[in-house]
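Chemist: Sequence first, predicted coordinates after that:
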Amino acid sequence: KSFNVWIATPFILNVTASKGGSVNPAGKQPTILKEKVILTAWAHGGYKFDSWKIVEGNANLSSTKEFRSTLTTTDSLCTVKAVFKEDELAKPMINISQFDLGNYPEICANVVVMDLNSGRSFQGLTSEDLVLTQDGQVIQPQITTINNVTGISVVIVVDESGSMQGRSIESAKESIRAFINDMTPYDRTAIVGFDGGTKVRQTMTSNKTLLLRAVDSLAATGGTNIIEGTCAGLDQIVNETNPTMVIVFSDGANDTQDNLKLDSAISIAKRKKTTIHTIGVGVQSTMPLEPLAKGTGGIYTFANNASELAGIYAAMRDNSLSQYVVCYESPDTLQNGDTHNVIISMEFNKITTKDSLQWNENSLPPRVSLTDATWNLIKNSQQANSAITISAYITTSLQIKNANVFLRNSSTVNVQFTSYAMRHVRDSLWEY
């Protein structure tokens, strides 16, 4: 007897990037023969896009020199690579955004290094790239990216005007869902819609179920009021401990042009130390999207259609998380009121950039250490409705008048901590 055997070979597209940039989609993607895939490349600070290169297999590219290109698959296995090169016009700028003395003598600073020309952050820096000195003494720091120790709080401001009806609003919703599904446990997101007015679809939360439900509620009707939507988005940023940003996209210009409201939105963002990134989807006018971004140190970019938003969202998130936690051990461990000068610097393209600050030993915060008994409570489960005592040693050179412990139920969502006064037992021991 004879028989036929059919072997189905899946089509796999592998999208990679050289040093200096990111791509979307990234990694291995299942495809079908002659499928058109939109590729987007994003240069990091200090670099610029050079070209797309077919590394393995065969495919057709609409352009090898444009950072956005359409690839048509012609082979069952294809690898394409985005190639980046150093930007000789890049101007680095370093900024110390936060300084933490809480674990003295270990001291940590949040540091951002950006390219002044592109507004993009330098990524992949190591302790070899930065020079740290305290009082003129060079100290070897330890460096990690901030996304290894914290998350990001993002407000997505969505155009719900009538022109978004049909495929546009559905593609936008798919892109936002992808962004939500990629959130880490430390990330928080809010969703605000706008047409002629504004609608807060979901306040800031880390609950993906609530966020996905909010995405489902998005609908395209009405006019376009980008600035009001942006201001409503900024209103969602309250007491966030994460780095924050607002992402605004629209497929049309503002119904009315009001420079006072534009300036007000920019001022609010600066006061909240928040960056606004904006995306024009198939639009001719850049007002007010471009000045909103440039006025807050954000990035304005263009998308041909709403299906490209997912890659842009991911790139903007990566750019905002490209901050560094730079830690070092202070060589002066004697607390006698000295003032210390700290300088962090970097050289790129033969340009040296630096930022500095001063700190005084009298400004060191109290040191809080949990007692062994409290650590044992943490390590072991406790019976419900049973009383426990939380105790800690609080040491400082100053007199402590009161201490508080902050509690909340671990099963609750979007519930703030409640403050409870601790009792001074003796010396440095406090308990609740």
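Modeler: Good, I have the coordinates.
Chemist: could you check the distance from I279 over to P366?
Modeler: Per CB to CB, to the nearest Å, I279 is found 45 Å from P366. (Each C-beta comes from the backbone N, C-alpha and C, glycine too.)
Chemist: cool, and K354?
Modeler: From K354 to P366 the distance is 31 Å (CB to CB).
Chemist: Same check on N110?
Modeler: 21 Å.
Chemist: which one of those two has more residues nearby?
Modeler: Legend: neighbour count by other CB atoms under 10 Å for N110 and P366, higher for N110 (18 against 14).
Chemist: got the buried residues for stretch 10-17?
Modeler: 11-15, 17 (16 or more other CB atoms under 10 Å).
Chemist: oh sorry, the question was meant for stretch 135-144
Modeler: Here stretch 135-144 shows 141, 143 as buried, counting by 16+ other CB under 10 Å.
Chemist: Can you show me the CA trace of it as PDB?
Modeler: What follows is stretch 135-144, C-alpha atoms only, in PDB (Å, rounded to 0.1, in the frame of the first residue of the first chain):
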ATOM      1  CA  ASP A 135      35.300  64.900  48.300                       C
ATOM      2  CA  GLY A 136      37.700  64.300  45.400                       C
ATOM      3  CA  GLN A 137      38.300  60.600  46.100                       C
ATOM      4  CA  VAL A 138      37.400  58.300  43.300                       C
ATOM      5  CA  ILE A 139      35.100  55.400  44.500                       C
ATOM      6  CA  GLN A 140      34.100  52.400  42.400                       C
ATOM      7  CA  PRO A 141      30.300  52.300  42.400                       C
ATOM      8  CA  GLN A 142      27.800  49.500  41.800                       C
ATOM      9  CA  ILE A 143      25.300  50.100  39.100                       C
ATOM     10  CA  THR A 144      22.000  48.500  38.300                       C
END
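Chemist: Can you tell me what sits against that stretch?
Modeler: 125-127, 130-133, 324-329, 331-332, 340-341, 344 (CB atoms under 8 Å, 6 or more residues apart in numbering).
Chemist: before we move on, what about stretch 337-347?
Modeler: Contacts for stretch 337-347 (CB under 8 Å, 6+ apart): 92, 94, 96, 99, 107, 109, 111, 113, 125, 129-136, 141, 326, 330, 332, 352-362.
Chemist: That one - what's its average pLDDT?
Modeler: If you average the pLDDT over stretch 337-347, you get 94.
Chemist: what's the distance between it and the middle of its chain?
Modeler: Offset of stretch 337-347 from its chain centre (CA atoms, centre = their mean, to the nearest Å): 27 Å.
Chemist: again with stretch 388-400
Modeler: In terms of CA atoms, centre = their mean, the centre of stretch 388-400 is set 35 Å apart from its chain centre.
Chemist: Can you show me the CA trace of it as CSV?
Modeler: Output of stretch 388-400 as CSV, limited to C-alpha atoms (Å, rounded to 0.1, in the frame of the first residue of the first chain):
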residue,chain,number,x,y,z
ILE,A,388,0.9,40.0,67.3
THR,A,389,3.5,42.6,68.3
ILE,A,390,5.6,44.4,65.7
SER,A,391,8.8,45.8,67.2
ALA,A,392,11.8,47.7,65.9
TYR,A,393,14.9,49.5,67.0
ILE,A,394,15.1,53.1,65.8
THR,A,395,18.5,54.7,66.1
THR,A,396,19.4,58.3,65.3
SER,A,397,21.5,61.2,66.7
LEU,A,398,18.3,63.2,67.1
GLN,A,399,15.5,62.9,69.7
ILE,A,400,12.5,60.8,68.4
